[in-house]
Each structure stands twice: as C-alpha cells, then as structure tokens.
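J.: I need the structure of the sequence given here:
(chains A and B)
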Amino acid sequence: MAKSKNKLQDATRRKFLQKVGVAGVAAIGSPTIAFSQEKSKRIKVLNQNNELVEVDVSSVYPIKGTKQEQTSYLQKRGRKGLPNRKFVMVVDLAKCKNARKCMTSCQSAHQLRPEQHHINVLEMKDDTNGQTYYMPKPCQHCDNPPCVTVCPVDATFKRSDGLVLIDNERCIGCRFCIAACPYSARSFNWLEPKDADKYKDQPYDIEKNVPQKKGTVTKCVFSADQLRENELPYCVSACPNGVYYFGDANEDLVTNGTTRQTVRLSKLLKENAAYTLMKELGTKPSVYYLPPRNS
Amino acid sequence: MKYLVIIILLITSGTLWAQSSWKAPDKAQKQLSPLVFDEDMAQQGRQLYSRSCASCHGTVSKNNYAIMIPAPGDPASEGFQNQTDGSLFYKIQKGKGAMPAFEDVYGTDEIWAMVAYFRSFNKNYEQQLMQLDGVEKFNFKTAVAYDFNIDKLVVKVTSDDKFVENVEVAAFVKGMFGNLALGKAKTNTKGIAYFDVDADMPGDTKGNLNFYVKVNKNYSYAKSTVALKVTEPNIPVAVTEGRHLWSPNKDAPIWLIITFWGVVFGIWGAIFYIIFTLFRLKKYKAD
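T.: Numbering: from 1, shown residues only, chains lettered A, B, ... in the order given. Alright, predicted model coming up:
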C-alpha cells in the first residue's frame, strides 16, 4: 500500500517537473526564436559554473527517470549523427614528440586502464634510413568500416556524421570487430573496468562509452559527447605540441587543438601531401596524416 | 652558514636567470590594460585558458604543467606574477619556441582577460590602469556585406553615424570549433575595410557563411557576427545514405536481402515439399 502511494507521489512530482521543464525551455527558447530563425535550435542555459551558455535543444534532456530510462534516452540520441556534419581529424606527424598527453586524457575521460588505448602513440621506424617518428593512432572512423559489417548484433554502427560508435549494452563480446579492424583500433574489456565502483550508478552514455562494461569491446568515439557541445575531442585539446587538427569536412575547416588556429582542410591536405593509413584496403578513413618532415 | 648563504644565492640567481631568459621588449612591458580586471573578465579568461593553455600550463596554482624544456611554468607562480601586465600580454600575443603566438586567434581584449585570470590568483596584485583621459572614445557600429562585383567582404565602421578611418578590423569565417582568419585591415577614409574570401569556401545548407568581425581603435572595441548568403546551398550527402554492407538491416543491399531470403525460403520450401510429397505417397498407397 505504502509502495503504491509513493509511486503515485513520484508520478505527480515527475509530471509536475516535466511541465515546468517544458515551460522553462519554451520561455528560454522563445526570445532566441524571435531573434533569429537560424538559431531556433539553440537555447541559453546556466551551467554548473553559473555561466550562461548556448546549447543545442537536442542536447538538453531532463534529469529524471530511472538509470535505465536515461540510458535508453542516451542510446537513442547517440544513434543519430549531428546533422550536416562530417568529422575529420588531421594528424601532423612532424610535430609529435611523444608527449602522450592525448593518451592520458583519453584514458581518464573514457574510464580506461593504463594498458587500454583508444588512441595509442606508436614509434615508427623508417625502413630505408632507420630514422624513427611517432605516430598517434586513434580509430580511423572509416567511411567503409569493416568492423560494422561483421557485427552480428548491430552493436557497433556508423552515424551520419561519420563517427563509428559502439553500444556496450548490445555488445555480446564476440570480438568479430576486433578481428575485422585492420588498424587494431579496438580493445576488449577482459577485466572489470577501472574505477568500476565510482561509475556504477551512472547511466550509460553511448557517446562517451562510459561506464565501461566487462566482457564488451571498447573503441575511440572521437569524443562524440564533446562534439555535441561544440568542443574538440579530449585528445585533440590535450596535445601540447599542436599535432592534431579536428573539424567538419562539410565546412572545410579544421581547428588545431593547441593553437586553436583554424585552417582550410582541403588546403592543409593538399599542401602537405596528406595520406591515409592502408589506403589499398578501401576503408576510406576519416583520419589523415601529414608526413613526418623536417620542420 | 657562509656556504649556506652562497648556495641559496646560487640557487636564487639560477632561477632568476631561467625566468629572465625570455624578456618582453621594454615598450611592451610598460603596456597597461585599458580594461578593468574584474571577476567577469577573469571568468572569460578562465574559459580561454582551459581551451588553449591548460594542455601545457596545467591547472593554475596546482603546479601540474607539462614536462617540457623549457618548463612552461604555472601562471600563479612568482615567475609569472612578478612580470608586468604588459610582459604577460606580449608573451601570449607573440609566443616563442614551443609557446604558440595567439595574436591571430585571440583579440587584445581576450588576451587581457587571460592576464586578468592570472592576476586573480595574486592577492597582492593591484592593477595599474591605463590613463584614458584625452583619448578619443568611439561607439562603434559595423555594417558587414559581401560585394559580388569585387568578390570581397566589405566592413563599414561608423561611430555616432560618422565614418571612422584607421580602425583596425579583423574578419573571420566562423567554424564549428574555431574561426578562420580572413586577415586584418584598416578602414579607409570612408570607414570601409575589404577582405578577400576564398571563392570555393563552402557555405551551410542555405549557402550562408557566418562572418565574425572585430574592430578596435584607441581601446574602443566592437564585435559582430553576420550570416551572409555568399555561396550556393551546400547540402552534404551523409555517409550513411544508400545501401552498404555495413548499413543496419533495413538498409542492407538489395542483392543481400534477396540472397538471404532466397536461401531461407529455398531450404524451408524444399523441406515442406518433401513432407507434402510423403503425405501424397501415403495417400496413394491407401488408395
């Protein structure tokens, strides 16, 4: 009896909050709509630091419901790409000095153990003259992804904005995708993930792939949660050497994560003889490399 | 005791030497901010810092800067705080070696905001304000348009309905993560500045480019953002369009769907046919 009463109270409170939330969003949203049709999909909200920030309506969701409801919401939202975007990364090998800041920031953001990598900096050796250079290697977010082709349960998928994500609520741990990926970009959670206790009450955010789950595959997600907030991926903004450029190919603009300088993508690729890894496989990667050179 | 004094002297002189190895020019050192460093400004500086500086300099006052040679240092440390406002401003603006120059990325007001943020960690700091008496103040208004005859972006700067010449104008194209600099120019006698825009610059789905314009003269500032239809509508085709082997079930290639269901129906059909024939055989026997 007491239980059902509680439920009733909950239901009314939730309903009330929903109504308030809708009214609030409408109230905040309306001046922006009046101001410009262009910005009708963005609203202004206060963040935890008491700053007024502008966010996309689609990224605002009420903090309500059970963990499962929130997870479902995030799963559904994460399946669709950001409209009219096509994300690309450019890695300037001449600038990489193996600082490994990209790796540590990635691991702390995505709840990874030190031996797990979404991005890994490899030491490469030139065959002919024996010189070495460092090559950061994230998931290539292929436009013809072999990993997605082989997934038997539709757990890993490609979004319209070019990102290849994985839903660890669907993943059955068969590791076909690990076998199919020619870039060895994926890793498996053989053990309980790092700080599992700390994350256990959080809803699963598919765009961040956190909390991680034992027995599932994990991979680089180009920090889709950051992109939704118009922020650069964790690795890109952590680099102290200006190695990474990241941006939208539809705008033809990429921004350097260190200097924040924005350049034309097509010009950058052409002028520096950019290449992609294992082009002959026809995977069409979204990550371009600028060859190592004396700079 | 004597040795201790000598050692301390040696250490302090060593650190002083290391800190003074990059000196701003005297003129730059004497620069003062025209803007009052307040909480709002420090807050703006904090945001900019976390975007562009934290990867090397770490969290301010935590001394967790990146291990590099020379060390980037913590902006709350004495080495930074003992410098003049002008010196900090100059170093952010011009850069040196591994320290990038932020001149083309951030405006002077934004760089002063970063200095304001660093100063908020220094309790003993008192701001020396620039004397702005006698300096002409402007109430800038900008009109931005695209001239198709000369293929240039035109920025007209007025203050109280009068053209202002010699105003420094910086124009950018807004991108998702940053702004593409079109350059800097000064207004002519009619208060107009021109900028070249790449002809093949793709616009958004309506053919608009978002231009961002900053003007400044005599420490008066103004900013504006304008969307102008410059190009043909650019409607990108999503990579997920069409049928691919990696598409979800409903978008699988037609030949795959036909083959799959063909095999399924073929096998089940054969089984049912055999059963059906067996029944007929039984019936035939009975007859």
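J.: what residues does the stretch 51-200 of chain A put near chain B?
T.: A:51, A:81, A:84-86, A:99, A:101, A:143-146, A:148-149, A:154, A:157-162 (Cβ under 8 Å from any Cβ of the partner chain). Bear in mind the C-beta positions are built from the backbone N, C-alpha and C, glycine included.
J.: kindly write the ChimeraX command that selects the buried subset of those residues.
T.: Those of these that count as buried under 16 or more other Cβ atoms under 10 Å in any protein chain shown are selected in ChimeraX with:
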select /A:81,84,85,86,99,101,143,144,145,146,148,149,157,158,159,160,161,162
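J.: sort out for me which of the residues of the stretch 51-200 of chain A next to chain B are in strands.
T.: Members of those lying in strands (criterion: DSSP state E): A:157-158.
J.: ok, now which ones touch residue B:97?
T.: Taking Cβ atoms under 8 Å, 6 or more residues apart in numbering or on different chains, we find residue B:97 in contact with residue B:70.
J.: what ranges do the strands span in the stretch 101-250 of chain B?
T.: B:140-147, B:152-159, B:162-163, B:168-174, B:179-186, B:192-196, B:208-217, B:220-229 (DSSP state E, counting those that start in this stretch).
J.: again, but for the stretch 101-250 of chain A
T.: Using DSSP E, counting those that start in this stretch, strands in the stretch 101-250 of chain A cover A:120-125, A:132-137, A:156-158, A:164-166, A:187-188, A:217-218, A:244-248.
J.: mind giving me a markdown table with those and columns for mean pLDDT?
T.: Below are the strands of the stretch 101-250 of chain A laid out as a markdown table (pLDDT from 0 to 100):
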| stretch | mean pLDDT |
| --- | --- |
| strand A:120-125 | 94 |
| strand A:132-137 | 94 |
| strand A:156-158 | 96 |
| strand A:164-166 | 97 |
| strand A:187-188 | 96 |
| strand A:217-218 | 96 |
| strand A:244-248 | 97 |
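J.: just the ones you listed: most buried one?
T.: strand A:244-248 (a mean of 27; mean count of other Cβ atoms under 10 Å in any protein chain shown).
J.: could you chop chain B up by domain?
T.: B:21-119, B:140-229 (automatic domain parsing).
J.: comparing those, which yields the minimum mean pLDDT?
T.: Within the domains of chain B, confidence is poorest for domain B:21-119, with a mean of 88 (mean pLDDT).
J.: coming back round to it: JSON lines for the strands of the stretch 101-250 of chain A, including distance to residue A:283?
T.: What follows is those, written out as JSON lines (distance: least, Cβ to Cβ, whole Å):
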{"stretch": "strand A:120-125", "distance to residue A:283": "18"}
{"stretch": "strand A:132-137", "distance to residue A:283": "14"}
{"stretch": "strand A:156-158", "distance to residue A:283": "12"}
{"stretch": "strand A:164-166", "distance to residue A:283": "11"}
{"stretch": "strand A:187-188", "distance to residue A:283": "19"}
{"stretch": "strand A:217-218", "distance to residue A:283": "18"}
{"stretch": "strand A:244-248", "distance to residue A:283": "20"}
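J.: please enumerate the helices of chain A.
T.: Assigned by DSSP state H, the helices in chain A fall at A:2-35, A:67-79, A:101-109, A:146-150, A:176-180, A:196-199, A:224-228, A:234-238, A:265-271.
J.: packing partners for the last one?
T.: Same thing as helix A:265-271. Helices and strands touching helix A:265-271, by 3 or more Cβ pairs under 8 Å, 6 or more residues apart in numbering or on different chains; DSSP states H and E, are strand A:87-92, strand A:244-248, strand A:253-256, strand A:287-290.
J.: residues making contact with the third one?
T.: Strand A:253-256 is contacted from outside by A:88, A:90, A:232, A:242, A:244-247, A:261-265, A:268, B:173, B:175-178, B:180, using Cβ under 8 Å, 6+ apart.
J.: if you set the cut-off to 7 Å instead, what comes out?
T.: The contact list for strand A:253-256 (Cβ atoms under 7 Å, 6 or more residues apart in numbering or on different chains) reads A:88, A:90, A:232, A:242, A:245-247, A:262-265, A:268, B:175, B:177-178, B:180.
J.: from those residues, which is closest to residue B:283?
T.: Taking Cβ to Cβ as the measure, residue B:283 lies nearest residue A:88 of the contacts of strand A:253-256, at 69.0 Å.
J.: any idea what sits nearest whichever residue of the stretch 1-150 of chain A sits closest to chain B, other than its immediate chain neighbours?
T.: At 3.9 Å from chain B, residue A:148 is the closest residue in the stretch 1-150 of chain A, using Cβ to the nearest Cβ. Distance criterion Cβ to Cβ, 6 or more residues apart in numbering or on different chains; nearest residue to residue A:148, sequence neighbours excluded, is residue B:246 at 3.9 Å.
J.: contacting residues for the one you found?
T.: A:145, A:148-149, A:158.
J.: ditto for residue A:283
T.: With Cβ under 7 Å, 6+ apart, residue A:283 has these contacts: A:140, A:142, A:144-146, A:182.
J.: do you know how far residue A:225 is from chain B?
T.: 15 Å (Cβ to the nearest Cβ, to the nearest Å).
J.: run a quick neighbour tally on that residue.
T.: Neighbourhood size, residue A:225 [other Cβ atoms under 10 Å in any protein chain shown]: 22.
J.: doesn't residue A:205 make contact with it?
T.: Yes - under the criterion of Cβ atoms under 7 Å, residue A:225 makes contact with residue A:205 at 6.3 Å.
J.: now stretch A:83-102: how far from the chain's centre is it?
T.: Centroid displacement of stretch A:83-102 relative to its chain, using Cα atoms, centre = their mean, to the nearest Å, is 13 Å.
J.: please apply the same query to stretch B:253-260.
T.: Stretch B:253-260 sits 46 Å away from the centroid of its parent chain (Cα atoms, centre = their mean).
J.: for residue B:219, give me its contacts.
T.: For residue B:219, the contacting residues are B:34, B:132, B:135, by Cβ under 7 Å, 6+ apart.
J.: if we use 6 Å, what do you get?
T.: residue B:34 (Cβ atoms under 6 Å, 6 or more residues apart in numbering or on different chains).
J.: all set, thanks.
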